[in-house]
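[1] coords please:
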Amino acid sequence: MRRIVNILIIIALAMASCDDKHTGYGGDEDVVVYAHVAGVWQLTHMENLPLDEDIYAYMVMERRAMEQSGEPNQVGWRAYQLYTNLESAYPRVSTGLYMLKTDDYDRVFIEGLWDNEFGYYWHSDYYYLSIDGDTMRWTDVNNPANNRIYIRVESVPDEIMDQIFVR
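    As a prediction, the model looks like this:
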């Protein structure tokens, strides 16, 4: 009887130690879920080059899905805010929606909409390559050289928030 209990404990421990992996674009990766993506991310590299010191982009990505929306096709999307001075002389905040999807090969990609009067989709869908600890990499579906590397940070810096909002 004791031997059977020990075997059951070993089996239970072995099963508990298994993690949920799949072979995705770029190799064996953790399955991507919204909990991994949610948070504050600082853009550090574009097209394999680091951003200049005076250029910044912070993306705040929400975890919870939209339950109601003016647009029925937006249920299930998540909200984001982008704080940036990219392509602008002045800091600005842009908002929108994003969704994670998988293709026929189980590659995860992120798709987004700008929250403006036009509701345009982002310039490209980005394959979601990995979150390795506190690093997230996006690569353009149509142009792999067009990639983005983000690092997880605690928050958008106060000095940036002060430039955009009057508190």
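[2] parallel or antiparallel, which strands does the strand ranked longest in the chain pair with?
    As assigned by DSSP state E, the longest strand anywhere in the chain is strand 92-102. Strand pairing for strand 92-102, using DSSP bridges, gives strand 78-84 (antiparallel), strand 108-114 (antiparallel).
[3] between those, which gets nearest to Pro50?
    Closest to Pro50 of the strands paired with strand 92-102, according to C-beta to C-beta: strand 78-84, at 15.7 Å. All C-beta atoms are positioned from the backbone trio N, CA, C, and that covers glycine.
[4] apart from its neighbours in sequence, what residue is nearest Ala145?
    Distance criterion C-beta to C-beta, 6 or more residues apart in numbering; nearest residue to Ala145, sequence neighbours excluded, is Glu47 at 5.9 Å.
[5] flag the shaky bits of this structure, pLDDT-wise.
    1-32, 67-75, 116-125, 129, 165-167 (pLDDT under 70).
[6] which parts of the protein are strands?
    Assigned strands in the chain, in chain order: 21-24, 27-30, 39-46, 49-50, 57-61, 78-84, 92-102, 108-114, 126-132, 135-140, 147-153 (criterion: DSSP E).
[7] any idea how far Asn142 is from Gln81?
    Gln81 sits 26 Å away from Asn142, going by C-beta to C-beta, to the nearest Å.
[8] now Val60
    Counting by C-beta to C-beta - Val60 and Asn142 are separated by 27 Å.
[9] Glu62 touches Arg78, doesn't it?
    Yes. The criterion here is C-beta atoms under 8 Å, and Glu62 meets it with Arg78 at 4.9 Å.
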